[in-house]
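**Student:** Need coordinates for the below:
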Amino acid sequence: MTDPGDFTLVLPFRLSSVWTLDTTSIDAFEIQGLPASIHGNGDFRFVVESIPTNESASELCVRLRHALLWTSLKLDVGILASPRYQGVPADGPDGLDEDSLLPESILPAPSRLFIKVSHPVPQNPAIDSAEFIGAVLEFFDKVRKPIEYRGFELAIELYSDVQFERSAANRFLTLMTVLEALSDQRIRGSEFREVIQRWQGELDSIMCASASEINSMKSALVQLRRESIGKSVADLVALHCNSEKVTWDPSLYSLRNKLIHGRGRPDLSRPLAHLEQVVRLTLIGIIQAAAIQAN
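**Tutor:** Numbers count the residues shown, from 1 in each chain. The predicted model follows:
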């Protein structure tokens, strides 16, 4: 039992019915000098003990979720993770009390983490415990603080969810949204902005249009002050997708627009496979960049 005032972080997770993880083979390990362990069989708990304050527990939660993303990317195994974790005080009369360790905010239905079966299913669908723990520890060793990258928290949530989407269209659109969340629509150059400002002024001289129509056109012109989403996504991938064999294909964003605006239902098998690789390698690149910056 930890001393009063200490915090214990408990992350419940569950593997799919096919995959297994032998927790008995996991030796004692530490995360940032704190005792850590994984317990269970079917329903698991990732436990980090003796965290000094609630603030440090909350930060550790974020970093551990980022580490689980890295583990997912490195082992190429889908992990569905909640975007919110809390530090849990271990000051009850019985120490690690189930009611205090697993409040609703920490364990939503049906569970916190899932590992999806990859394709094809291996003959022995067991996750190597040493590789699993090794990937988590590698992240903590290389990345010393929570990753602060625009849209990263939302990207984690979306990327986790997409592993469990059955519809190819849903998977495609969710993966594209991951890239959109991470991209940065930069302001266009001064010459473009001056032209747009002039157009906005000219709209006031249109006498036959209603005020609502004019305001709507002005709002559309405001959007033109920034680069297009398609270009910002292309720049993001070019910066972080560290692979000569996997590059951005502009037709992927055009396909996204066709799907959303109902222009037919094209075959998504090849575009989806390509987009999955692009998103995976882009996320890996962002994490690797954070590791380089940390050192």
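**Student:** State the pLDDT value of the closest residue to residue 158 other than its chain neighbours.
**Tutor:** What sits nearest to residue 158 in space, not counting adjacent residues and going by C-beta to C-beta, 6 or more residues apart in numbering, is residue 178, at 4.8 Å. Just so you know, the C-beta spots here come from the backbone N, C-alpha and C atoms, and that holds for glycine as well. What the model reports as pLDDT for residue 178 is 94.
**Student:** do the same with residue 143
**Tutor:** pLDDT, read off for residue 143, is 92.
**Student:** got the buried residues for the longest helix along the chain?
**Tutor:** Longest helix in the chain by number of residues, with DSSP state H as the criterion: helix 269-294. Neighbour counts over helix 269-294 (16 or more other C-beta atoms under 10 Å) mark 271-272, 274-276, 278-287, 289-291 as buried.
**Student:** Residue 12 belongs to a strand?
**Tutor:** Yes - the assignment for residue 12 is a strand, going by DSSP: H, G, I helix; E, B strand; the rest coil.
**Student:** In this structure it contacts residue 39, no?
**Tutor:** No - if you go by C-beta atoms under 8 Å, residue 12 and residue 39 don't touch, sitting 10.1 Å apart.
**Student:** Give me the common contacts of the two.
**Tutor:** residue 45 (C-beta atoms under 8 Å, 6 or more residues apart in numbering).
**Student:** Of those two, which one has the most company?
**Tutor:** residue 12 (19 against 13; other C-beta atoms under 10 Å).
**Student:** Bridging across strands, which residues link to that one?
**Tutor:** Here residue 12 sits in beta bridges with residue 45, going by DSSP bridges.
**Student:** how close does the residue nearest to residue 251 when sequence neighbours are not counted sit to residue 173?
**Tutor:** Spatial nearest neighbour of residue 251, excluding adjacent residues (C-beta to C-beta, 6+ apart): residue 271 at 7.7 Å. For residue 271, the distance to residue 173 equals 12 Å [C-beta to C-beta, to the nearest Å].
**Student:** What of residue 57?
**Tutor:** 35 Å.
**Student:** Could you look up the SS state of residue 133?
**Tutor:** helix.
**Student:** How many residues are close by it?
**Tutor:** 18.
**Student:** Next, work out how far apart it and residue 242 are.
**Tutor:** 25 Å.
**Student:** Residue 127 now?
**Tutor:** When distance is defined by C-beta to C-beta, residue 127 is 26 Å away from residue 242.
**Student:** the more surrounded of these two?
**Tutor:** Using other C-beta under 10 Å as the criterion, residue 127 and residue 242 rank with residue 127 on top: 16 against 12.
**Student:** Is that one in contact with residue 77, as I believe?
**Tutor:** Yes - using C-beta under 8 Å, residue 127 is in contact with residue 77, at 7.0 Å.
**Student:** could you check the angle helix 269-294 makes with the helix or strand encompassing the residue nearest to residue 158?
**Tutor:** Per DSSP states H and E, residue 178 falls inside helix 168-182. In terms of direction (axes from the mean of the first three to the mean of the last three C-alpha atoms, to 10 degrees), helix 168-182 departs from helix 269-294 by 30 degrees.
**Student:** Just name whatever secondary elements helix 168-182 is in contact with.
**Tutor:** helix 152-162, helix 229-240, helix 251-260, helix 269-294 (3 or more C-beta pairs under 8 Å, 6 or more residues apart in numbering; DSSP states H and E).
**Student:** and the gap between the nearest residue to residue 274 once chain neighbours are set aside and residue 198?
**Tutor:** Once flanking residues are discounted, residue 274 sits nearest to residue 249: 6.5 Å by C-beta to C-beta, 6+ apart. Distance, residue 249 to residue 198, using C-beta to C-beta: 35 Å.
**Student:** Between these two, tell me which one has more neighbours.
**Tutor:** Taking neighbours as other C-beta under 10 Å, residue 249 and residue 198 compare with residue 249 leading, 15 against 10.
**Student:** from what I can see the more buried one touches residue 277, true?
**Tutor:** No - assessed by C-beta under 8 Å, residue 249 is found out of contact with residue 277, at 10.9 Å.
**Student:** what number of residues lie near residue 237?
**Tutor:** Per other C-beta under 10 Å, the neighbour tally for residue 237 reads 23.
**Student:** Quick check: it vs residue 179, distance?
**Tutor:** From residue 237 to residue 179 the distance is 7 Å (C-beta to C-beta).
**Student:** what's the overlap in contacts for those two?
**Tutor:** With C-beta under 8 Å, 6+ apart, residue 237 and residue 179 have common neighbours 278, 282.
**Student:** about what we covered before: out of the helices and strands packed on helix 168-182, which gets nearest to residue 35?
**Tutor:** Residue 35 lies closest to helix 269-294 among these, at 23.7 Å (C-beta to C-beta).
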